[in-house]
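1. Next input, structure requested:
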Amino acid sequence: MTRRLIVGVVMAAVAGLSAAGCSGSDDKKPELGPDVAWAGKVCELVGKNVGSLMPPTFSNPNDPKAKKAGYLKFLNDLSSRLTALESTLTTAGAPPVTGGQQALDKALQNLRTAKVGVAKATVAMNRAQTTNVRTFEKSVAGLNQAMQAYATYEGPVKDLRSNRQISDAFNRSSTCVSQKL
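-> As a prediction, the model looks like this:
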């Protein structure tokens with residue numbers, strides 16, 4: 001049970017953060033216009049905030065208290081990264097394209113929904129009983145449900161790319177292309 005939980009949480013986190021930037025075209029095109037400048041700024045900031053998220057580690061995998069501490073560290077790191085992504089998008093503001101504000105609003109809404117899922121998982125983990133392995137596993141059984149909002153999250157760049165003009169700007173930005181965002 002715990003092993004499946006680890007795999008589920010790690011897979012969800014890796015998928016969501018790595019999808020914070022979905023790969024665009026590898027062709028370098030000239031950077032023109034404020035839309036490409038905006039995309040480059042976003043990609044630069046997103047690239048700094050995403051990084052690699054390490055799976056939970058446990059000082060003693062047979063100790064429920066150590067597992068709880070490992071999961072909490074992981075969830076807190078994940079929450080911090082999502083908060084940094086939200087700040088990045090808010091700072092960048094709406095992309096200067098038709099429908100840019102709506103695309104940004106959608107990306108922020110989905111990001112916040114994912115953050116709520118991680119927050120619920122953190123609350124559930126904080127409440128987890130650690131008297132023994134069996135009670136710990138029972139306590140965290142609901143963690144998968146709490147993480148569901150995050151598990152389906154594909155990242156803000158994916159949301160922004162749903163707008164064709166923004167997607168084109170990402171594809172024309174050398175920063176986005178070099179970071180494969």
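
2. Neighbours of A94, how many?
-> 14 (other CB atoms under 10 Å). To be clear about C-beta, it is placed using only N, CA and C from the backbone, and glycine gets the same treatment.

3. Distance of it relative to E154?
-> Look at A94 and E154: by CB to CB, to the nearest Å, they are 21 Å apart.

4. again, but for N144
-> N144 is 18 Å from E154, by CB to CB.

5. do D105 as well
-> Between D105 and E154 the computed distance is 17 Å (CB to CB).

6. out of these two, which sits in the more crowded spot?
-> For D105 versus E154, the count of surrounding residues by other CB under 10 Å is larger for E154: 16 against 12.

7. and that one, what are its phi and psi?
-> For E154, the backbone dihedrals (degrees, to the nearest 10) come out as phi -110, psi 0.

8. Tell me how far it lies from K67.
-> 28 Å.

9. now do S173
-> 42 Å.

10. swap in L85?
-> Distance of L85 to K67, computed by CB to CB: 27 Å.

11. same check, this time on R81
-> From R81 across to K67, the span is 21 Å (CB to CB).

12. And for T175?
-> In this view, T175 and K67 are 39 Å apart by CB to CB.

13. Looking at these two, which has the bigger crowd around it?
-> Neighbours were counted for T175 and for K67 using other CB under 10 Å; K67 has more, 26 against 20.

14. Show the average pLDDT along the helix or strand where K41 lies.
-> For K41, the host element (DSSP states H and E) is helix 33-50. The predicted model assigns helix 33-50 a mean pLDDT of 88.

15. Next: stretch 141-159.
-> On average, stretch 141-159 scores 77.

16. distance between the ends of that stretch?
-> The first and final residues of stretch 141-159 sit 30 Å from each other (CA to CA, to the nearest Å).

17. Figure out how far that stretch is from the centre of its chain.
-> Mean-position distance between stretch 141-159 and its chain equals 8 Å (CA atoms, centre = their mean, to the nearest Å).
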